[in-house]
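[1] curious how this folds, go ahead:
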Amino acid sequence: MSSKNNTNRLQPKRGKVDNATSKIFSQLFIKTNLDLCIIGALIAFYYNDCLLTSNAQQFEEGEYPLPQNGTQTSPNDQAMYAMLFPWFAQTITVFIYYAISRYLKVLPYTAIVFLFGVIIGVLTKPTLVANREYNAISYSTAIWLKIDGLVILLVFLPGLIFNDSYTINVHMFFQSFWQLIIFAFPMVLGGTYLTAFVAEYMLPLDWVYTLRMVFGAILSGTDPIAVAGLLKTTGAPDRLNMHISGESLLNDGSVVVLFNVFSRLYYHNNEFPEASGKNNYTYGSGFAYFFKLTLGGCGIGLAFGLCTVLMLKVLCRRLSERENVFQVVLLVSSAYLGYFTAEVLAGCSGIMATITSGLTIKVLGETFINDHELTLHFWQVTAELLNQLLFVLGGCLWGDIVSRESFIHNFTGWGYLVLLYVLLIVIRFVLVFGLYPITSRIGLGTNVRESVFMSYGGFRGTVGIALALSLNTTVHKFSTDEKLRSDVDVLFVFVGGISVMTLLINGMTSGPLLSALNLSAKEKTRRKVIENYMRQMIQASLQDYVTLLSQARWRGIDHSIIKEHVPFLNDISFDDLMVAVERHQNSTPVHLYIKPRLENVFPYLQGEQIKARVRQLSSRSLNGENLFQSQSSQSFERLVVRERSLSSQATRNAEDKRMWNDFFSVPTDQNDDVDSDDANEVRLTFIEILKSAYHHQIKNGSLEEYGDLPYSLFQGLHFCEDTCAKGHPLNDWEATKVASTTKVVLANSIFPIILYRARQLWRRERNCCSDSQWFSPAELEMRFLIRLNLAFVGAHRYARTIFETQFASNPLTSVEEQIIKESEAQIKLAEADLIDIDQVDVTTVKGHLLTLVLLKKSVQFVEQLSRQNLIPEADATELLEKLDRYVKHVSRCDKLDTDHNERLSTTTKIVRLRQLPRNIIEEFNIRAAIDEMSKTSFGRAQMRPKIGNTNLTLNSTHRIDNRADIADSDQHTPAHVQVAIPTGGPPESKLSVIMSPGITGEDDLPSNTEESDEPVGF
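    The predicted model follows:
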């Protein structure tokens, strides 16, 4: 097999970023009209009918708008409208994420969210739209901008800090503990004083000393939110990742402690007793207060952490889903309750309490957590919600401040904002390399390259925005001095501006810097590793393919479907297939092994051994099956007739009601042997095995986990349990059909197709429906029935095997034999419902389902590699996106089995099968397959003219060009066949084949040998 060609089909391409910005927007962004969606959503919300009247002066004075009836809004109204802003913000951030993740990947997500908040703050500014009516968003935004500063910290910090402390690598954290202590406390304190020095002597700010120290403390914190994903996806050293994330965790605590100390001094000096908490506040008491905050917060956090660990130990029922949920509830309660107790009740540092509590739970209680995935996913969702809301809210306040008329006229510090950004980077380098002699010799150590990246990657973000918001809202709440209000507004503008600049500039350039410093994985090495794993995935997929072909329900599927829908299996060779067969045989127990049916695969192989033999032999066709390939299937015509007969809603409802009544009616005569207690217990046991069989199909990818199909199958078993408990025999096929009569089945089948067609029209693909037709309800019903039948029959055969080998007696008792007979009867009933459906349609659905199974197994393979950190997350994401496109292509494919590209005719297959080596023909029973193909082809040639009541008038002799053979002319000469079809005579004489001299007849083939069709496993 050409491994290089196959792996290239799935290789993620990391080409150069397209410098033509206009090309990106014209071909990708604007083509999807996503910009119109976002703008339309904003306009729809902004100019809605539910308007609230107000004026600019009321907003400036801190009053809330008046409703339309002219009366002042009540607190209940304000609380109700306050719920709009956060969820409106979360909704828009989803659109932002979609645009960035699909089309503008170079932009940092958090910075764009902050800028979106700026736009909202500017648009909802009362001074810009005086004497106009305000909508609900303006009103809700105004409420949030007036929220208390302490409430902001209580809402955002506990969840964000606990998530960081709980998800950190505690082993490396404690190995590098003293390094992180130096990064967190001495470095933060030095950064605070140096930043205050810059604010005093290099910026035109007339601030008091305490406000400068508050400013320095806020900007001394770092946030790894923009660089954490980069380090993970590029394969950066774990030591560097730990230094950045551990420093951020601890300096969050030190920054908040220093902020509390200096902000209390600032509040006290400006006579804010409500904010400072005491009337007499000096530098000496501030020093004592620092230790109270730090040590007291750690003590409270340790107590909450230990109590939480004990409760986790008590909630130890790992198989109880409800108990697992309560463990998550306990963790959330511990995070917020511990923060509130330390910050509000005890007057200590709530953030230090949260950090200590999170680390204690991580170290001592992680083994007591029942469902780690549930816990991690919950905290990921919580952190995402809080981060998005915090950045949008910060952007709103920033936009509100910079759009004020007084600020526009008086503020001249935009150039100083750029200067401050440069000086902060210089300060960061000075601090990191000033302590380098110490940090490089303790803990995990470090080097110059990692120190350079740490200096440049010190982003400002979440905690700084929250602290600046808290300061701004507190001053505006307790002071009417315009000078103080102006000072904190300017401070927030600088903090917000620095956050955006570091996220945009540093975030976009950190990747190239990481590569320039040789801290990321080598591109050549990374490519080689990924290619190796892709080869393993192809080999595993090919082995799965062979394993599935050994099961009876997948036989008859043409390999052309796999070639078209699974590109990485397009160029498999004869040797690759034989290796997969050998692996399948070695991995299967001897008593369970069944040889795979490969007669529809061998003709498509490109092995040199087969190619050489193909070139030597003639390739004349044996029949003209392609003559009728363009005709529609009989099953579609039958279902259209049924559709018309049940066209009225009353008729459909009566039909469904009859099915339900027939199923749930209790028959009067019952077999005494069947309704015995033993038989009932055995039936219920068999039903449980059937449930396990369906779950096994879900795990293997042949049955989706959610949707109408699994609902019908499982609900049918529930109905069957009720009847079997009363002594009736197995009747789960009828119960499954009853469960599938819901109208949701048809709706869920049609809705994705409507969305796909609408997407094509939205992208201005005017000829979107030229190559494929809309699925009718009758055809959708047919496809659903086939898939339902395949899953049902496969589950019964799997359950019967498990029942006989693991549950039944040896020899079988009469009751057990009765249950097996009932299962066989259900299989026959299910298969009988497929009699009226053309086998072409059945094979088509089976082929597409087999393709989905192979693709889903490949998805599971890549996901497993990503979970084990064997490939970077970015590469795994690109591979999964490609596989997802393959899956969608299969789901939307409306081609018949005979219409897929590169499909070979039956005659060509027979020719190529005869050219196989003799040992292969004997081992895989190719002779019987050739006989079966010949009979099937003859039967189709007789039946096809009757489709759709069409009368085909054929001449006595037809000369047919086999297009599949012509397309394959690089391997053998084009084939022609003359088919003589007389107008009269017995049926068996209506088709005679005039064969070319190079083709032997059926008499030359050895006799057919019997082979069991019974599958052993699913």
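[2] next, count neighbours for the nearest residue to P108 once chain neighbours are set aside.
    Leaving aside its chain neighbours, P108 sits nearest to G507 (3.9 Å; criterion: C-beta to C-beta, 6 or more residues apart in numbering). For glycine as for every other residue, the C-beta is placed from the backbone atoms N, C-alpha and C. Neighbour count of G507, defined by other C-beta atoms under 10 Å: 23.
[3] so where does G507 fall, helix or strand?
    helix 507-516 (DSSP states H and E).
[4] now do the following helix or strand past that helix, average pLDDT.
    Sequence order places helix 523-549 as the next helix or strand after helix 507-516, per DSSP H and E. For helix 523-549, mean pLDDT rounds to 84.
[5] same check, this time on stretch 880-893
    Rounded mean pLDDT across stretch 880-893 is 85.
[6] that one: which residues count as buried?
    For stretch 880-893, a neighbour-count test (16 or more other C-beta atoms under 10 Å) marks L880, K882, L883, Y886, V887, V890, C893 as buried.
[7] again, but for stretch 190-207
    In stretch 190-207, counting by 16+ other C-beta under 10 Å, buried: G190, G191, T192, L194, T195, A196, V198, A199, L203, L205, W207.
[8] what's the separation between the last one and L577?
    Spelled out, it's W207. 77 Å (C-beta to C-beta, to the nearest Å).
[9] and what of the first one?
    To L577, G190 is 67 Å away according to C-beta to C-beta.
[10] what segments of the stretch 101-250 of the chain are helices?
    Using DSSP state H, counting those that start in this stretch, the helices of the stretch 101-250 of the chain run over residues 109-123, 136-145, 149-167, 170-175, 177-184, 186-201, 209-219, 228-233, 238-269.
[11] and the buried residues of stretch 190-207 as a markdown table, adding pLDDT and distance to S823?
    As requested, the buried residues of stretch 190-207 are arranged in a markdown table below (pLDDT from 0 to 100; distance: C-beta to C-beta, whole Å):
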| residue | pLDDT | distance to S823 |
| --- | --- | --- |
| G190 | 92 | 77 |
| G191 | 92 | 74 |
| T192 | 93 | 76 |
| L194 | 93 | 79 |
| T195 | 93 | 77 |
| A196 | 93 | 81 |
| V198 | 92 | 81 |
| A199 | 90 | 81 |
| L203 | 85 | 83 |
| L205 | 83 | 83 |
| W207 | 90 | 83 |
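[12] and which of the residues you listed is nearest F262?
    T192 (8.2 Å; C-beta to C-beta).
[13] residues touching the closest one, list them.
    Taking C-beta atoms under 8 Å, 6 or more residues apart in numbering, we find T192 in contact with M213, G216, A217, S220, L258.
[14] from what I see, A808 and E816 are in contact.
    Yes. Assessed by C-beta atoms under 8 Å, A808 is found in contact with E816 at 4.7 Å.
[15] returning to that earlier point: determine which two of the buried residues of stretch 880-893 are furthest apart.
    Across the buried residues of stretch 880-893 (C-beta to C-beta), the longest gap, 20.2 Å, separates L880 and C893.
[16] can you tell me the closest non-neighbouring residue to V309?
    Nearest to V309 is G365, by C-beta to C-beta, 6+ apart, at 3.8 Å.
[17] check the burial of that neighbour by counting its neighbours.
    22.
[18] what strand or helix carries it?
    Counting by DSSP H and E, G365 is found in helix 350-365.
[19] tell me the helices and strands packed up against that helix.
    Helix 350-365 is packed against helix 149-167, helix 170-175, helix 238-269, helix 297-314, helix 321-340, with contacts defined by 3 or more C-beta pairs under 8 Å, 6 or more residues apart in numbering; DSSP states H and E.
[20] pLDDT of the longest one, averaged?
    Which is helix 238-269. Rounded mean pLDDT across helix 238-269 is 86.
[21] mind listing what's buried in that helix?
    239-268.
[22] verify the stated contact: the residue nearest to P108 with V106.
    No. Applying C-beta under 8 Å as the test, G507 and V106 come out as separate, 9.5 Å apart.
[23] and the helices in the stretch 351-500 of the chain?
    372-402, 405-410, 414-434, 436-439, 448-456, 462-478, 482-501.
[24] so what touches the third one?
    Contact with helix 414-434 is made by 187, 190-191, 194-195, 198, 202-204, 219, 451, 454-456, 458, 493-494, 497-498, 501-502, 505, as judged by C-beta under 8 Å, 6+ apart.
[25] okay, the angle between that helix and helix 482-501?
    60 degrees (axes from the mean of the first three to the mean of the last three C-alpha atoms, to 10 degrees).
[26] kindly report the same for the first one.
    Relative orientation of helix 372-402 and helix 482-501, computed by the same axes, to 10 degrees: 130 degrees.
[27] tell me what helix 372-402 is packed against?
    So helix 372-402, by 3+ C-beta pairs under 8 Å, 6+ apart, packs with helix 84-102, helix 109-123, helix 136-145, helix 149-167, helix 321-340, helix 462-478, helix 482-501.
[28] worst mean pLDDT among those?
    Among those, helix 136-145 carries the lowest mean pLDDT (a mean of 82).
[29] re the thing from before, got the buried residues of stretch 880-893 as JSON lines, with distance to W178 and secondary structure columns?
    Shown next, in JSON lines, are these (distance: C-beta to C-beta, whole Å; DSSP: H, G, I helix; E, B strand; the rest coil):
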{"residue": "L880", "distance to W178": "41", "secondary structure": "helix"}
{"residue": "K882", "distance to W178": "46", "secondary structure": "helix"}
{"residue": "L883", "distance to W178": "46", "secondary structure": "helix"}
{"residue": "Y886", "distance to W178": "51", "secondary structure": "helix"}
{"residue": "V887", "distance to W178": "50", "secondary structure": "helix"}
{"residue": "V890", "distance to W178": "56", "secondary structure": "helix"}
{"residue": "C893", "distance to W178": "61", "secondary structure": "coil"}
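[30] residue contacts, T685?
    Going by C-beta under 8 Å, 6+ apart, T685 touches F803, F807.
[31] got a pLDDT number for it?
    Value for T685, per-residue pLDDT: 89.
[32] then V188?
    pLDDT, V188: 90.
[33] swap in F29?
    pLDDT, read off for F29, is 39.
[34] cool, Q58 as well?
    Q58 carries a pLDDT value of 46.
[35] over to L622?
    34.
[36] use 29 as the first number from now on
    Understood, numbering begins at 29; the last thing we discussed is L650.
[37] any weak-confidence spans in the stretch 829-978 of the chain?
    Residue ranges of the stretch 829-978 of the chain with pLDDT under 70: 925-926, 964-978.
[38] between the helices and strands packed on helix 400-430, which one is nearest to V821?
    That would be helix 349-368 among the helices and strands packed on helix 400-430, by C-beta to C-beta, at 31.7 Å.
[39] elements contacting that closest one?
    helix 177-195, helix 325-342, helix 378-393, helix 400-430.
[40] which parts of stretch 844-853 are buried?
    E844, Q846, I847, I848, E850, S851.
[41] over to stretch 406-421?
    For stretch 406-421, the neighbour count (16+ other C-beta under 10 Å) marks 406-407, 410-411, 413-421 as buried.
[42] quick check: G755 touching N708?
    Yes. With contacts counted by C-beta under 8 Å, G755 reaches N708, the gap being 6.1 Å.
[43] mind listing the shared neighbours of these two?
    Here G755 and N708 share no contacting residue, scored by C-beta under 8 Å, 6+ apart.
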